[in-house]
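Visitor: Just the structure for this:
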Amino acid sequence: MDKKTILIADDEPNIRLLVSNMLSKDYTVIGASDGKEAVNIAHNQKPDLIMLDILMPGMDGLTACYALKTDQATKAIPVVMLTAIGYELNKKLSKDIMGADGYITKPFSSQDLVDAIG
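Guide: Alright, predicted model coming up:
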């Protein structure tokens with residue numbers, strides 16, 4: 001059986017590496033360094049799940065999430081926001097306005113990731 005593909009978008013290479021290390025045994029993990037790259041990869045590779053950092057240069061995670069969720073080609077792909085900012089307002093904005101399917105606050109454990117992938 002093919003592994004599911006997870007796209008992790010974070011401007012910090014160490015976070016992408018950490019997520020990849022935590023998940024690569026069970027999933028194919030691909031990385032993007034900003035929201036624009038994530039949207040492009042999502043269009044081309046159609047991952048099974050996208051994890052987006054909120055604070056990234058260029059196109060941030062919230063903007064990327066909105067772009068993905070309002071596009072017919074990518075709107076069905078689940079998006080989980082990854083962020084160091086656990087404010088309720090961010091969670092509400094991510095889910096209610098931008099269409100995110102989940103929310104993980106940094107620092108996170110591999111169990112947090114697995115739970116979000118669910």
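Visitor: Please make it C-alpha for all contacts and neighbour counts, starting now.
Guide: Noted.
Visitor: so where's this protein uncertain?
Guide: 1, 85-91, 93-94 (pLDDT under 70).
Visitor: Let's check: the centremost residue of it is which one?
Guide: M51 (1.2 Å; Cα atoms, centre = their mean).
Visitor: Which helix or which strand is home to it?
Guide: strand 49-53 (DSSP states H and E).
Visitor: And D112, by the same measure?
Guide: helix 110-117.
Visitor: Name the residues of that helix that are buried.
Guide: 113, 116-117 (16 or more other Cα atoms under 10 Å).
Visitor: Could you export those residues as CSV, including distance to G99?
Guide: Formatted as CSV, the buried residues of helix 110-117 follow (distance: Cα to Cα, whole Å):
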residue, distance to G99
L113, 19
A116, 15
I117, 16
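Visitor: closest to G102 among these?
Guide: Nearest to G102 among the buried residues of helix 110-117 is A116, at 6.5 Å by Cα to Cα.
Visitor: Name the nearest residue to that closest one, sequence neighbours excluded.
Guide: G102 (6.5 Å; Cα to Cα, 6 or more residues apart in numbering).
Visitor: show me the residues around that neighbour that make contact.
Guide: 79-81, 95, 116 (Cα atoms under 8 Å, 6 or more residues apart in numbering).
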